[in-house]
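> Need coordinates for the below:
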Amino acid sequence: MNFKNPIITQTGIDMSTAAFFGSATINIDSIKIGSGIKSNPDTATGLQNYELDAEIISFERKGRNIELVFTFDNSSIEEGFSWKEYGVFATLTNGELTSQGLYAYGYDDSENPQAIPKFTGSNSYVKNKYKVVLAARNADNVTVTVSTEADYALEEDLEAHVEDYNNPHAVTKEQVGLSNVDNVSTNDATPTFTEAEALSNINSGERATIIFGKIKKAISALISHISAGNPHNISISKIGAAAANHNHSATEITSGILPVSRGGTGYDSYAKFSAAFIPSLFGRGFSYAQLTGADYNNITDGGIYFCSWDNNNPQTNAPSIGTLSGSLFLVVFNNGNNAVLQFAMAFSTVGAVHRLYVRQRRSGGIWGSWSSFKTE
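Down below sits the predicted model:
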């Protein structure tokens, strides 16, 4: 489709002149659709081959021009055709005299004009909407007959309707069922319901009154259960508890093993308790070992060590004991985080002089220097 703005015919020029220089008025009555060959606008009085009438659905004055919007469909077409021409028809009124004629003529001179098919049902239905601009010397003297059956809304009317938030359709609360709803917020609502007769689970899709009734029954049962005395009927025999009044002999109190869960140690002798408990004081890897010619930097596992040396097996990183000779007792504590504390006790073979040596390795892995203390 390649329609250009329509050409004002000689009849249209005469009408415009009469309206411009006199008191005549022009009314655009109709637009007709055709399929004929191109007419000469200077002499044309109608379409070459009329097919149907279009509907003018809107118009707008723009300076000296008139903008028309028209539509047509194929619902009345029994034989398809090529849309090649349309005519704008008007009536000139000058006092008591009126005359009607072809005001403007439009033509599609392309090789592929729009095909309007034969109507055979809803699947073949075609509707066209087209806008044209007409020249008018005095647009104020031009009126337009707009179809009352047009099913297109004007753009400005549609926008105004969309932006109208004051109930433009005058919908009532009865029409949408709001008359059945209390005009309160959900926080202020006061639902009414009846407590369920028995405890049962709630189900999706149940009415709120039924669900509230089940909840009320569950809460009532819970309150009654909490308030009852010994609702589970627990007895001394069921939980293995001692009778309220009972006696123990001295032997029963001082013999046997009192478990940790009841405040005891879980052992029947101090020796067994010490053997199990003392290793935990030294951290991971508790051991008692005899070492000869050891590197003290490598003795890091928690425990007690008996360290000795000779000329063939010298010790390294041991405390400097001067002229003292003999053996060392070494106690090592390890907190499991790379921090180690060493205590070394040296025994003098001359007299009764003893020394205690202490050093530590911090979590960074660096050993400190030995510090010594004289003991009697």
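> Output the longest strand belonging to this protein.
strand 50-62 (DSSP state E).
> List the neighbouring strands of the next helix or strand after it plus their orientation.
Per DSSP states H and E, the first helix or strand lying C-terminal to strand 50-62 is strand 65-73. Strand 65-73 sits in its sheet next to strand 50-62 (antiparallel), strand 127-135 (antiparallel), going by DSSP bridges.
> Give me the buried stretch members for the longest one, please.
Okay, so that is strand 50-62. By neighbour count on 16 or more other CB atoms under 10 Å, the buried set for strand 50-62 is 51, 52, 54, 55, 56, 57, 58, 59, 60. The C-beta positions use only the backbone N, C-alpha and C, and glycine is treated the same way.
> now the third one: how far from residue 64?
The one in question is residue 54. Using CB to CB, to the nearest Å, one obtains 24 Å as the distance from residue 54 to residue 64.
> Report the contact partners of the nearest residue to residue 316 once chain neighbours are set aside.
Nearest non-adjacent residue to residue 316, counting by CB to CB, 6 or more residues apart in numbering: residue 295, 4.6 Å away. Contacts for residue 295 were tallied using CB atoms under 8 Å, 6 or more residues apart in numbering; they are 315, 316, 317.
> What values do phi and psi take at residue 14?
Dihedral pair for residue 14: phi -60, psi -40, per degrees, to the nearest 10.
> For it, list the residues it contacts.
So residue 14 contacts nothing (CB under 8 Å, 6+ apart).
> do the same with residue 237
Residue 237 neighbours (CB under 8 Å, 6+ apart): none.
> In stretch 4-24, which residues are buried?
6, 7, 8, 9, 11, 12, 15, 16, 18, 19, 24.
> gap between the two ends of that stretch?
28 Å (CA to CA, to the nearest Å).
> Pull the distance from it to the chain's centre.
Distance of stretch 4-24 from the chain centroid (CA atoms, centre = their mean, to the nearest Å) equals 64 Å.
> same thing with stretch 42-62?
Distance of stretch 42-62 from its chain centroid, counting by CA atoms, centre = their mean, is 56 Å.
> One more: stretch 107-117?
Stretch 107-117 sits 52 Å away from the centroid of its parent chain (CA atoms, centre = their mean).
> wait, residue 341 sits on residue 357?
No: using CB atoms under 8 Å, residue 341 makes no contact with residue 357, being 11.8 Å away.
> which of those two has more neighbours?
residue 357 (20 against 17; other CB atoms under 10 Å).
> Name the SS class of that one, please.
strand (DSSP: H, G, I helix; E, B strand; the rest coil).
> Pretty sure it sits against residue 319.
Yes: applying CB under 8 Å as the test, residue 357 and residue 319 come out as touching, 3.7 Å apart.
> who touches both of the two?
Residues touching both residue 357 and residue 319 by CB under 8 Å, 6+ apart: 344, 346, 370, 372.
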